[in-house]
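Undergrad: predicted coordinates and the sequence they were generated for:
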Amino acid sequence: MSAAGMTCPGCGSTNIVDDDLYSQAQLVCVDCGSVVSEGVLANDPVGDVSFSRTTAVAKKPCANQIKGLQRVKAICRILMVNSEIEALSQTYYKMAYEHKAFLKVSLQKKDILTGCCVLVSCRLLNWPITIGTISCLLDADPMVVGAVYQEMVKNLSIEAPIVNEVLVSASNFKTFDVPEELAENSRDLTKRAVALVELAADSWIVTGRKPIPIMMAATYLAWQSLKPNKHRLKFSLDKFCQIAKVKKLKPAMKRVAEIKEVLCKLGKEIPWVGGAMTPNNVIQQVECILQHRYALLRRAMRTHEDTPVTSVVKQNGSNSQDPSGNWGKRVLFAPPCVIHPKKRRVEQCEHKDVTGDEEISDSEIDSYIRTPREARDFSQTQELKNEADTEVPKTAVTLVAT
Amino acid sequence: MDSSSDEALDIIVTNVVATFRTRCHLNLRTIALEGSNVIYKPEVGKVLMKLRKPMITASIWSSGKIICTGATSEDEAKLGARRLARCLQKLGFKVRFSAFRVVNVLAVCSMPFAIHLIDFTKNNRPIASYEPELHPAATYRIKNLKATIQVFSTGSLTVTGI
């Protein structure tokens, strides 16, 4: 700092020079030697310094988060997914863990969150996987996994595609260790099964149903149709599941029947096949049907529209008493539970003019209260029952309350 | 129900859930003993009482809070609740019917066509969500009405307030 324009407060002279003392800058008057001004001795930070600032370290993830990330990695390795999915699931886990909705949840939920992150990453990158597989890996209830998954997707605003049956079925085949005549090329089997699933999707069999039984049914029919000899046609779904080493699912049988029904409807339209199309002989035609399925679908719809008016009128006549829900019988393809609806009890419409403030008579209320004698009998039988239970716990005691 | 009309669709209210308070403590054992059509659940701490007319089921807690379910209209729910309160009065409790509130209404409706749920969900993200492995219906939540609609592939819709 120069001394221009400064006067010494002691003697009034303008002869002031820079004269540093050690490391401190000072302005000194030459004539009287007084210090006019001096600089700062040390470079301390401006303002007071808090303890946390001096001892603070960069934020590290907590131990549970690290464990969770390792679990995510482990799940990815078990499922043998590619590295992109692994990286994406780890990113999502970090985001979800630090999100305020999941910061204070139980460790069990955070564990399920690991699986959900893997699930959402697989779905985004088109890797076939089901919620069932994840819940098996996590040893958790699929409903709970589903709930956590939906919460996570909502909080992180992820738009994941819904499970694609085609892709899942494509992945579901293991190599069969079976005798020569039962073996099948896995690529052909996949292609055929995928085509069957697509056909099922077009004819309302897939929508609203669990995907795995449909895939099982499609695989079974594909396998049968690739070599439709007597041996394979006699092979039941049970035995097929046994050789494929998968657990049989009850709905799969129904799906097989439904898909066969659709195949029959299309098989009828093949111009060069004469004779009735039944579920038994339709398997031989499956290859042909699948090859020309769109054309056959169009033909079937056209034939259905051109059916003579009399049969439609007859249908309408019988349907007039049953107006609800039988639009299914009028179209060619409809969800199966509309075509075969469950019979519902006709409900009586009571209390149309109930206001809520009516008089309630005493006799009506008395019907809901036991008489003193009934109450006594009831409590006596209860006591007897309790005694009998404590004395002879193994014998079943049936009591009739009067 | 009108089957020939194309525009009008019948929405049928199938369940109304209402709560009210009796402003007094209730002895569940007494109710279980002296009331008919009751089921006592000591492990949960409540008594289920079923009324015939209107057909409702009431969960009664010892604190005096009662939840009525099964009514087919709000007025019916109120009538059933009042009937229940009278019943409890007759059993000897100093019941005062108060804080009656309808908590949830459930209605069903049926479309005369099938719905392709996967396409429906794709076109209505993120309001609609569908997980076929968990539930066969797609869930459509309307935030400002606080309503949830379950859309089934057969065309049936279930509308609730939760």
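TA: Thanks, I have it.
Undergrad: quick check, pLDDT for residue 85.
TA: Since you didn't name a chain, this refers to chain A. The score at residue A:85 is 92. That number is its pLDDT.
Undergrad: that answer is for a different chain, and I need it for chain B
TA: At residue B:85, pLDDT is 91.
Undergrad: quick check, it in contact with residue B:22.
TA: Yes: counting by C-beta atoms under 8 Å, residue B:22 is a contact partner of residue B:85 at 6.5 Å. For every residue, glycine as well, the C-beta is placed using N, CA and C.
Undergrad: which neighbours do those two have in common?
TA: B:66, B:95, B:97 (C-beta atoms under 8 Å, 6 or more residues apart in numbering or on different chains).
Undergrad: ok, the last one touching residue B:82?
TA: Yes: if you go by C-beta under 8 Å, residue B:97 and residue B:82 touch, sitting 6.1 Å apart.
Undergrad: mind listing the strands for the chain?
TA: Assuming you mean chain A. With DSSP state E as the criterion, chain A has strands at A:16-18, A:26-29, A:35-38.
Undergrad: wrong one, chain B
TA: B:11-21, B:38-41, B:46-51, B:56-61, B:65-71, B:98-110, B:128-129, B:138-142, B:147-151, B:156-160.
Undergrad: which residues of chain B score low on pLDDT?
TA: The model of chain B has pLDDT under 70 over residues B:1-7.
Undergrad: who wins for most neighbours among the shared contacts of residue B:85 and residue B:22?
TA: residue B:66 (25 neighbours; other C-beta atoms under 10 Å in any protein chain shown).
Undergrad: now residue B:150: how far from chain A?
TA: Taking C-beta to the nearest C-beta, to the nearest Å as the measure, residue B:150 falls 11 Å from chain A.
Undergrad: which residues does that residue bridge with?
TA: Beta bridges link residue B:150 to residue B:139, residue B:158, judged by DSSP bridges.
Undergrad: tell me the contacts of it?
TA: Contacts of residue B:150 (C-beta under 8 Å, 6+ apart): B:135, B:137-140, B:157-158, B:160.
Undergrad: kindly report the same for residue B:90.
TA: Counted by C-beta under 8 Å, 6+ apart, residue B:90 has contacts A:362, A:365-366, A:369.
Undergrad: which of those are close to chain B?
TA: Restricting the contacts of residue B:90 to those touching chain B (C-beta under 8 Å from any C-beta of the partner chain) yields A:362, A:365-366, A:369.
Undergrad: what sits against residue 80?
TA: If you meant another chain, say so; for now it's chain A. Residue A:80 neighbours (C-beta under 8 Å, 6+ apart): none.
Undergrad: sorry, I should have been clearer: chain B.
TA: So residue B:80 contacts B:51, B:54, B:56, B:58, B:68, B:71 (C-beta under 8 Å, 6+ apart).
Undergrad: do the same with residue B:132
TA: A:162-163, A:208-211, B:117.
Undergrad: of those residues, the lowest pLDDT goes to which?
TA: residue A:163 (64).
Undergrad: could you list the domains of chain B?
TA: As assigned by automatic domain parsing, chain B contains the domains B:12-104, B:111-161.
Undergrad: quick one: closest of those domains to residue A:274.
TA: domain B:111-161 (32.7 Å; C-beta to C-beta).
Undergrad: okay, now the closest residue to chain B within the stretch 1-150 of chain A: neighbour count?
TA: Taking C-beta to the nearest C-beta as the measure, the stretch 1-150 of chain A has residue A:146 as its residue closest to chain B, at 4.1 Å. Applying other C-beta under 10 Å, we find 20 other residues in the vicinity of residue A:146.
Undergrad: skipping its backbone neighbours, what lies nearest it in space?
TA: Ranked by C-beta to C-beta, 6 or more residues apart in numbering or on different chains and with sequence neighbours excluded, the top spatial neighbour of residue A:146 is residue B:134, at 4.1 Å.
Undergrad: again with residue A:219
TA: residue A:193 (4.8 Å).
Undergrad: what does the stretch 51-200 of chain A have sitting close to chain B?
TA: Counting by C-beta under 8 Å from any C-beta, the stretch 51-200 of chain A sits next to chain B at A:130-132, A:142-143, A:146, A:149-150, A:153-154, A:157, A:159, A:161-163.
Undergrad: show me which pair in those residues is furthest apart.
TA: A:132 and A:157 (25.7 Å).
Undergrad: show me which of the two is the more surrounded one.
TA: Shown here are residue A:132 and residue A:157; by other C-beta under 10 Å, residue A:132 has more neighbours (14 against 7).
Undergrad: hang on, isn't that one packed against residue A:142?
TA: Yes: at 6.0 Å, residue A:132 and residue A:142 qualify as touching, with contact defined as C-beta under 8 Å.
Undergrad: quick check: neighbours shared by those two?
TA: Shared contacts of residue A:132 and residue A:142, defined by C-beta under 8 Å, 6+ apart, are found at residue B:133.
Undergrad: before we move on, the earlier item: and the residue of the stretch 1-150 of chain A closest to chain B, what does it touch?
TA: For residue A:146, the contact set (C-beta under 8 Å, 6+ apart) comprises A:131, B:131, B:133-134.
Undergrad: again with residue B:142
TA: B:127, B:148-149.
Undergrad: which one of the residues you listed is nearest residue A:266?
TA: residue B:149 (34.2 Å).
Undergrad: how near is the closest one to chain A?
TA: 15 Å.
Undergrad: with adjacent residues omitted, what lies nearest to that residue?
TA: Nearest one to residue B:149, counting by C-beta to C-beta, 6+ apart, is residue B:140 at 4.4 Å.
Undergrad: what's the neighbour count on that neighbour?
TA: 19.
Undergrad: and it, what does it touch?
TA: B:124, B:127-128, B:148-151.
Undergrad: and with 6 Å instead?
TA: B:127-128, B:149, B:151 (C-beta atoms under 6 Å, 6 or more residues apart in numbering or on different chains).
Undergrad: now, of those, which are buried?
TA: B:128, B:149, B:151 (16 or more other C-beta atoms under 10 Å in any protein chain shown).
Undergrad: nearest to residue B:108, of those?
TA: Comparing the buried ones among the contacts of residue B:140 against residue B:108 with C-beta to C-beta places residue B:149 closest, at 10.5 Å.
Undergrad: would you confirm that the closest one contacts residue B:158?
TA: No: applying C-beta atoms under 6 Å, one finds residue B:149 not in contact with residue B:158, separated by 7.0 Å.
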